[in-house]
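> coords below, sequence missing:
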DNA sequence: TTATCTGCAAACATTTTGCAGCGAG
DNA sequence: CTCGCTGCAAAATGTTTGCAGATAA
């Protein structure tokens, strides 16, 4: 009795899940759900688009994935490297990204919020540019 | 001869445009295109939704409007106060916003880009929180 | 007059959801 | 066996676009 509520961690090890995870491992850059879906099909793994969305969402929820919204509002994902709070410098050409942290920036933001009496402040910071490789190309 | 290409500035003074402009003047906070459309209808001004979108887009293009993308990717607008580059501390409850600039932050961002060899870097920074008024409520 | 603007509805792109069936544990 | 996962297709969102007719200059 009292097995209690299902552990939030309760994810089943399905083929589809594994396939998505694998694609994420294989890519060093940010990809959209649809990109990942295409890549999956090309590799011969048949996975529904909805499932890709659901899986990415689930993984992002546990913090194992980083999500960035592009210019057009599209969400792009990649496996998270650094724990904790950080931002990304993303190449707008190829999706390659560097994770960055800025203690001084964080402090500035906090101070700013305090100065204006805003509570519960969070920020979204994205940096977009051309990576060295894409400049050369 | 040579009237030349039409001046980019060629905007006609239509009732609809004026109505949208008026709503923007009346609001001190960020509103979505649809919000503005609703507000317009309530005020008795019949303006098509597409026209609202087109107008807002045009105004944003000339720099007379600030645009911020919310969490959900929705675009929200308000008349721009400060010229030049700045960011916003927006109340996630009521849309009230403070415009902020951060020279130290800008410098940090530039340096970061340089350190990683990224060119043509731009950043998007939004701060979301609860404004003093909404905390009280 | 005439180029621009407007309104409508249909097109779009991305993401979410309902539901019957499959499959991991 | 069960309950969560999956696939499909349909729905939902928010925004854009094509086109015929209205309108500012």
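Thanks, I have the structure now. This one's a predicted model, so the numbers in the text were calculated from it and none came from an experiment.
> Downstream of the longest strand seen in chain A, the next helix or strand is which one?
Ranked by residue count, the top strand of chain A under DSSP state E comes out as strand A:119-130. On the C-terminal side of strand A:119-130, the closest following helix or strand by DSSP states H and E is helix A:132-136.
> And that next one, what's buried?
residue A:134 (16 or more other C-beta atoms under 10 Å in any protein chain shown). Just so you know, the C-beta spots here come from the backbone N, C-alpha and C atoms, and that holds for glycine as well.
> Same question for stretch A:81-90.
Neighbour-count burial for stretch A:81-90 [16+ other C-beta under 10 Å]: A:87, A:88, A:89, A:90.
> ok, of those residues, which one's closest to DNA strand D?
residue A:90 (21.5 Å; C-beta to the nearest atom of the strand).
> contacts for the host helix or strand of that closest one?
Here residue A:90 sits within strand A:87-91, counting by DSSP H and E. With contact meaning C-beta atoms under 8 Å, 6 or more residues apart in numbering or on different chains, strand A:87-91 is reached by A:29-30, A:66, A:68, A:96-102, A:125-131, A:133-134, B:112-113, B:116, B:118, B:121.
> what angle do it and strand A:119-130 make?
Relative orientation of strand A:87-91 and strand A:119-130, computed by axes from the mean of the first three to the mean of the last three C-alpha atoms, to 10 degrees: 20 degrees.
> Okay, buried residues for the helix or strand immediately after strand A:87-91 in the chain please.
For strand A:87-91, the succeeding helix or strand toward the C-terminus, using DSSP H and E, is strand A:97-100. By neighbour count with 16+ other C-beta under 10 Å, strand A:97-100 contains the buried residues A:97, A:98, A:100.
> Around residue A:13, count how many other residues there are.
7 (other C-beta atoms under 10 Å in any protein chain shown).
> quick one: residue A:117 and residue B:91, what's the gap?
10 Å (C-beta to C-beta, to the nearest Å).
> ok, these two, which is more surrounded?
Neighbour tally, residue A:117 and residue B:91, criterion other C-beta under 10 Å: the higher count belongs to residue B:91, 23 against 13.
> Could you list everything that one pairs with in the sheet?
Listed by DSSP bridges, the beta-bridge partners for residue B:91 are residue B:129.
> Now the common contact residues for residue A:117 and residue B:91.
Common neighbours of residue A:117 and residue B:91 (criterion: C-beta under 8 Å, 6+ apart): residue B:131.
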